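Undergrad: this is a predicted model, with the sequence first.
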Amino acid sequence: MLANFGERHATPRILTLIAGGILSGLSLLVGLVGSLLQLLAYAAGSESAGKFWQNEQTLLPFAAAGLLGLLFLWAAVQRAVARLLPIRPGSPVNYLTVVLGLLLVANQLSTQVTAQPPLTYSELLAQD
């Protein structure tokens with residue numbers, strides 16, 4: 001709602017861009033710090049190579065999504081993406097949509113990497 005209001009007014013527009021930047025920055029920070037901590041644990045020998053690689057594949061999509069979300073703040077990047085996607089450069093609604101979409105894709109990639117056995121009906125009922 002704030003992003004929609006930001007289409008016509010400056011203050012909500014700035015707040016939307018700040019919120020998207022914070023989301024992207026947090027994603028980048030979590031991805032990089034988590035990856036570095038995993039690298040330190042692997043270098044210390046407290047983690048196997050398989051577990052290290054699985055954790056890296058879980059964290060790196062979030063770092064990439066955060067970096068791409070921060071890059072999308074630049075007007076030149078928005079114009080370049082607007083040539084490929086039907087978006088309007090400078091729109092806070094489009095910016096927030098792209099940032100949330102990148103985070104959704106990162107979450108999906110991380111979930112697919114750490115595949116678990118499928119839930120049974122009894123496990124689903126036990127959660128309720």
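TA: Ah, there it is.

Undergrad: which residue sits closest to the most centrally placed residue in the chain, ignoring its sequence neighbours?
TA: By C-alpha atoms, centre = their mean, the chain has its centre lying nearest to L103, at 2.8 Å. Spatially, and ignoring its direct neighbours in sequence, L103 is nearest to A65 (5.3 Å; C-beta to C-beta, 6 or more residues apart in numbering). Glycine gets a C-beta too; all of them are placed from N, C-alpha and C.

Undergrad: now do L68
TA: L102 is the one closest to L68 (C-beta to C-beta, 6+ apart), at 5.4 Å.

Undergrad: CA atoms only for the host helix or strand of that neighbour, dumped as PDB, please.
TA: Secondary structure from DSSP states H and E places L102 in helix 92-113. The C-alpha trace of helix 92-113 is given here as PDB (Å, rounded to 0.1, in the frame of the first residue of the first chain):
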ATOM      1  CA  PRO A  92       8.400   2.000  -6.200                       C
ATOM      2  CA  VAL A  93       5.800  -0.700  -6.800                       C
ATOM      3  CA  ASN A  94       8.000  -2.300  -9.500                       C
ATOM      4  CA  TYR A  95      11.100  -2.000  -7.300                       C
ATOM      5  CA  LEU A  96       9.400  -3.700  -4.300                       C
ATOM      6  CA  THR A  97       7.900  -6.400  -6.600                       C
ATOM      7  CA  VAL A  98      11.300  -7.200  -8.100                       C
ATOM      8  CA  VAL A  99      13.000  -7.300  -4.600                       C
ATOM      9  CA  LEU A 100      10.300  -9.600  -3.200                       C
ATOM     10  CA  GLY A 101      10.400 -11.700  -6.300                       C
ATOM     11  CA  LEU A 102      14.100 -12.200  -6.000                       C
ATOM     12  CA  LEU A 103      13.800 -13.200  -2.300                       C
ATOM     13  CA  LEU A 104      11.000 -15.600  -3.300                       C
ATOM     14  CA  VAL A 105      13.200 -17.200  -5.900                       C
ATOM     15  CA  ALA A 106      16.100 -17.400  -3.500                       C
ATOM     16  CA  ASN A 107      13.900 -19.100  -0.900                       C
ATOM     17  CA  GLN A 108      12.600 -21.600  -3.500                       C
ATOM     18  CA  LEU A 109      16.200 -22.400  -4.700                       C
ATOM     19  CA  SER A 110      17.300 -22.900  -1.100                       C
ATOM     20  CA  THR A 111      14.300 -25.200  -0.300                       C
ATOM     21  CA  GLN A 112      14.900 -27.300  -3.400                       C
ATOM     22  CA  VAL A 113      18.600 -27.800  -2.500                       C
END
